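1. attaching a predicted model along with its sequence, questions to come.
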Amino acid sequence: MMEMAKDLNMESDEMQLVVSALRGVKKRIVEVAETHKPIFSGELFLTGKEVCERLYISPRTLQDYRDRKVIPYTQIAGKILYKASDLEKMLEENYK
């Protein structure tokens, strides 16, 4: 047991290995946080920016669609979100 209580300092090989592993974990957490999309009740929600990119429309056009009730949306904590399934349904219904 005394061998495990060996003095560890930031310069030791063991600590450098731990620090390196933690940096890798941190990097992965940041990547996931930036790319993860929340799913509620099995439903994928998109931001306005994502909807504009997918539909090739401007934010003003998206606002107009909301105002005219062309595209359904929900507002959660002041943030407007769109169900991916609603977008797909709208596109299928209007595809010519």
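-> Yep, that arrived.
2. list of residues touching the helix or strand where K89 lies?
-> Using DSSP states H and E, K89 maps to helix 84-94. The contact list for helix 84-94 (C-beta atoms under 8 Å, 6 or more residues apart in numbering) reads 43-46, 51, 54-55, 70-72. The C-beta positions use only the backbone N, C-alpha and C, and glycine is treated the same way.
3. can you select the buried ones among those residues for me in PyMOL?
-> Burial among the contacts of helix 84-94 is assessed by 16 or more other C-beta atoms under 10 Å; the matching PyMOL selection reads:
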select buried, resi 45+46+51+55+71
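4. out of the contacts of helix 84-94, which are inside strands?
-> Among the contacts of helix 84-94, the residues falling in strands (DSSP state E) are 43-46.
5. of these, closest to R28?
-> L44 (21.8 Å; C-beta to C-beta).
6. not counting sequence-adjacent ones, nearest residue to that closest one?
-> In this structure, L44 finds its nearest non-sequential neighbour in A84, 4.2 Å apart by C-beta to C-beta, 6 or more residues apart in numbering.
7. what's the distance between the one you found and M15?
-> 45 Å (C-beta to C-beta, to the nearest Å).
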